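A.B. asks: One predicted model, sequence on top.
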Amino acid sequence: MTTALRRSPLVPATPYPAEFAQRYRDAGYWTDETFAQFLPARAERFGDRIAVSGTGEGGVRRTLTYRRLNERADVLAAGLLRLGVRPGDRVVLQVPNMPEYVEMLFAVFAIGALPVFALPAHRRAEVGYFCEFTDAAAYVIADRHGGFDYRTLAREIVSGSERPPIVIVVGDAGEDTGFVPLSELRTAEGTPDDRAEPTPDSVAFLQLSGGTTGRSKLIPRTHTDYLYSVRASAEICGLSPDTRMLVSLPAAHNFPMSSPGILGVLHAGGRVVLAPDPTPSTSFELIERERITIASLVPPLALTWMSAPARAKHDLSSLEMLQVGGAKFSAEAARRVRGELGCTLQQVFGMAEGLVNYTRAGDPDDIVTTTQGRPICPDDEILVVDESDAPVPVGTVGNLLTRGPYTIRGYYAASEHNRSSFTADGFYRTGDRVRLTETGHLVVEGRAKDQINRGGEKVAAEEVENHLLAHPCVRDVAVVAKPDAYLGERTFAFVIGEGTPPRAVELRVFLRERGLAAYKIPDGFQFVDEFPVTGVGKVSRTELRRALESTFTVDNATDR
C-alpha cells in the first residue's frame with residue numbers, strides 16, 4: 001500500500017473563553033463524549049437494529065445494522081492506518097449518499113483523523129483548495145456519480161499538488177492510477193490497535209462555510225460543541241428508535257448531517273435511508289418502501305415534491321414531518337405542505353458555523369408557516385443590530401449576531417477574516433438580515449454579505465468575480481443576486497468587457513474549464529459599459545440589484 005506523507009500539524013480552533021466553557025459544561029451542554037466513541041456506544045446499545053440503508057458500491061443495495069456498521073468502520077480504520085493516515089491528519093471526503101460514506105466517516109473518526117467535507121458538486125477549484133489548505137493526507141471519492149468521473153478530478157488534484165493526498169476510490173480505482181480501491185482497505189484485519197482518544201474539546205472535523213470571499217472558509221467544529229447540537233436537535237425533533245429518516249440532500253451538508261440529520265438519527269437509534277438523488281420518483285418510492293417518517297429538503301425541492309404528479313402513485317402516509325431549511329421558505333409554500341404531502345412542516349434555519357433554529361411541535365400554524373424557528377439552546381445569545389452594531393427594536397430588520405455553546409469563535413487558520421467576522425466579545429456576524437418576533441422566533445429577510453443563496457447552495461460573489469476577471473476580455477465584473485420564486489435567488493454577472501467582449505456562452509465554458517462547481521456559474525450575464533457607484537465611489541450592488549428587478553431575466557440575459 002502507498003504510505004501517506006507526514007502531514008503538517010492541525011491549526012487549533014479559536015478557544016471558548018474559560019468562563020463560557022465552564023458555564024456550558026455546568027449546564028450539561030458539553031460532555032466528554034467524542035466522535036471516536038459515538039458509533040461504538042450506539043453499536044453496543046442498538047446492536048442488531050438497522051442503522052443505514054442505501055445503494056452502495058457496484059449498485060448493490062446494502063442494509064447495515066449498528067453492530068455491522070461499527071465493524072465495517074473499524075476495518076476501514078485499520079486500513080487507513082496501514083496507508084499511513086494518522087491521528088490529526090485531514091481526510092477530504094467527497095462521497096455521495098451511499099453507505100460507504102457513513103462507514104468511511106466513522107473510520108476517519110475512529111483513528112482520530114479529521115474529515116473535511118466536500119460536496120459532490122465541487123470541482124477542481126474547490127477540492128484542490130481543500131486538499132492544499134488542509135494539507136490533506138487522503139482524498140476519498142466515488143468512481144463515478146451523476147455522470148461525472150471523479151477519478152479524472154482526482155488525477156487533476158494529484159498532478160497539481162506538491163504534497164498530493166492518497167486517493168481512495170469507492171468502486172473501480174482505474175488502471176495505473178496509483179489510487180487505492182476501498183476494497184483494498186477492507187483486507188486489513190481486526191480493529192485499529194491504536195484507536196484514538198481525542199480530547200472532547202479538540203477539533204473533530206472541518207466543515208465548509210458558504211463564504212463571502214474568494215474561497216470557502218473552513219469551520220473547526222469540536223466534539224463537545226457539535227455533539228451537543230446533535231443531541232439537542234434529536235430531542236427537539238422527537239427522534240426515537242422508530243425514526244426512519246430519508247437523506248436525499250448531499251450527506252456532507254451540515255443540514256442533513258446534524259439538524260438532526262444522519263448523526264441525530266444514529267444518536268437516537270433510528271434508521272437512516274440514503275437516497276441517491278432527491279427527485280420525487282426516487283424519494284417517493286423510498287418513502288413508501290422504507291416507511292419513512294421524516295425527510296429534509298431545501299425550498300426548491302419541497303416545491304418540486306408538492307407539485308409532482310408521482311404523489312398520487314405512492315403511499316406517503318408514513319411521512320410525519322418534512323423539514324425545510326437551507327434558504328427561506330415562503331409562507332405561501334409553507335401553508336401547502338400539510339395539504340399536499342399529508343405531513344407536518346418543520347422550518348429549520350441554521351449555519352455550519354453553529355446556530356440552529358427550529359419551529360417546534362405544538363407551535364401555532366402561523367409560527368410554523370411565517371418564521372424560521374427559534375434557537376436550540378437557552379444560552380444561544382441573539383443580537384439583531386443596525387450597521388453600527390446598535391440593537392434594533394423587536395420586529396425591526398437588522399443584522400444577526402450570535403454566540404453560544406455550539407457556535408464557533410473563529411474560522412480555521414483565518415486570523416484576518418476572523419477580525420471582521422467576529423466581534424471583540426465573541427459574537428459571530430452571520431451575514432443574515434433578520435427580524436425577531438415577540439415570541440423569540442426569527443424571520444429571515446435576506447443576506448447582508450455578498451453571498452447568494454441559490455437553492456440552499458451558498459455562492460460567494462467575490463469567488464465568481466475572481467474567476468471571471470481571469471478572462472482576458474473581462475475588465476471588470478460584479479456578481480449579484482436576483483430573487484427567484486423557485487431557487488430563492490439566482491446568480492447574475494454584470495460584465496465590463498475588454499476589447500471584443502466575450503459572449504455569455506464563452507464565459508460559462510471558461511468557468512467550467514477553471515474547475516468551478518456548476519452551481520456557482522452565473523444564471524445570466526449582462527454586458528455594460530460602467531457600473532453605478534455609491535457616494536464614496538464603490539460599486540453600488542444595490543443599484544445593480546434594482547436594475548435586475550425590472551430588466552434582467554434568465555431568458556433575456558443568457559447571451560449578448
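C.D. replies: The structure has been received and is ready for your questions.

A.B. asks: low-scoring pLDDT stretches of the stretch 201-350 of the chain, where are they?
C.D. replies: 210-214 (pLDDT under 70).

A.B. asks: Provide a complete list of residue ranges assigned to strands in it.
C.D. replies: Remark: strands assigned in the stretch 201-350 of the chain by DSSP state E, counting those that start in this stretch are 203-208, 218-222, 244-247, 271-274, 294-297, 321-324, 344-350.

A.B. asks: Need the residues that contact the longest one.
C.D. replies: Meaning strand 344-350. 237, 254-255, 259, 296, 320-326, 329, 334, 337-338, 356-361, 368-369, 371-373, 442, 444 (Cβ atoms under 8 Å, 6 or more residues apart in numbering). For the C-beta atoms, the positions are set from N, CA and C on the backbone; glycine is no exception.

A.B. asks: Relative to the whole chain's centre, how far out is that strand?
C.D. replies: 16 Å (Cα atoms, centre = their mean, to the nearest Å).

A.B. asks: Quick one: closest of the strands of the stretch 201-350 of the chain to residue 126.
C.D. replies: Closest approach to residue 126 among these (Cβ to Cβ): strand 203-208, 8.5 Å.

A.B. asks: coming back round to it: so of the contacts of strand 344-350, which ones are in helices?
C.D. replies: Mapping the contacts of strand 344-350 onto helices (DSSP state H) picks out 254-255, 334, 337-338, 368-369.

A.B. asks: tell me the two of these that are most distant?
C.D. replies: Of all pairs in the ones in helices among the contacts of strand 344-350, the most separated under Cβ to Cβ is 254 and 338 at 26.6 Å.

A.B. asks: So for these two, which residue has more residues nearby?
C.D. replies: Between residue 254 and residue 338, counted using other Cβ atoms under 10 Å, residue 254 has the larger neighbour count: 25 against 15.

A.B. asks: Next, work out how far apart the closest residue to the more buried one other than its chain neighbours and residue 404 are.
C.D. replies: Leaving aside its chain neighbours, residue 254 sits nearest to residue 352 (4.1 Å; criterion: Cβ to Cβ, 6 or more residues apart in numbering). Distance, residue 352 to residue 404, using Cβ to Cβ, to the nearest Å: 14 Å.

A.B. asks: and these two? which has more neighbours close in?
C.D. replies: More crowded of residue 352 and residue 404, by other Cβ under 10 Å: residue 404, with 25 against 22.

A.B. asks: if I read this right, that one contacts residue 378, doesn't it?
C.D. replies: No: shown here, residue 404 and residue 378 do not form a contact pair, counting by Cβ atoms under 8 Å, at 9.3 Å.

A.B. asks: Stretch 235-248: how far from the chain's middle?
C.D. replies: Its chain's C-alpha centre and that of stretch 235-248 lie 19 Å apart, by Cα atoms, centre = their mean.

A.B. asks: how long is it end to end?
C.D. replies: 22 Å (Cα to Cα, to the nearest Å).

A.B. asks: And that stretch, what's buried?
C.D. replies: 236-239, 243-248 (16 or more other Cβ atoms under 10 Å).

A.B. asks: likewise stretch 445-464?
C.D. replies: Per 16+ other Cβ under 10 Å, stretch 445-464 contains these buried residues: 447-464.

A.B. asks: how far away is the residue of the chain most remote from its centre from residue 475?
C.D. replies: Farthest-out residue of the chain from its mean C-alpha position, per Cα atoms, centre = their mean: residue 499, at 39.9 Å. Counting by Cβ to Cβ, the gap between residue 499 and residue 475 amounts to 9 Å.

A.B. asks: Kindly provide the distance from the nearest residue in space to residue 296 that is not next to it in sequence to residue 256.
C.D. replies: In space, and not counting its chain neighbours, residue 296 is closest to residue 323: 4.0 Å by Cβ to Cβ, 6+ apart. Taking Cβ to Cβ as the criterion, residue 323 is separated from residue 256 by 9 Å.

A.B. asks: can you check residue 59 too?
C.D. replies: Distance from residue 59 to residue 256, by Cβ to Cβ: 22 Å.

A.B. asks: between these two, which one's more packed in?
C.D. replies: Taking other Cβ under 10 Å, residue 59 and residue 256 do not tie; residue 256 has more neighbours (28 against 9).

A.B. asks: can you count the residues close to the closest residue to that one other than its chain neighbours?
C.D. replies: Excluding the flanking residues, the one nearest residue 256 by Cβ to Cβ, 6+ apart is residue 249, at 4.5 Å. Using other Cβ under 10 Å, the number of residues around residue 249 comes to 24.

A.B. asks: ditto for residue 161
C.D. replies: Around residue 161 there are 15 residues (other Cβ under 10 Å).

A.B. asks: Would you confirm that it contacts residue 128?
C.D. replies: Yes: taking contacts as Cβ under 8 Å, residue 161 lies within contact range of residue 128: 7.5 Å.

A.B. asks: Show me what stretch 36-55 is in contact with.
C.D. replies: Applying Cβ under 8 Å, 6+ apart, the external contacts of stretch 36-55 come out as 33, 61-71, 73, 97-99, 102, 106, 109-110, 112, 195-198, 227, 241, 263, 266-267, 269, 271-276, 290.
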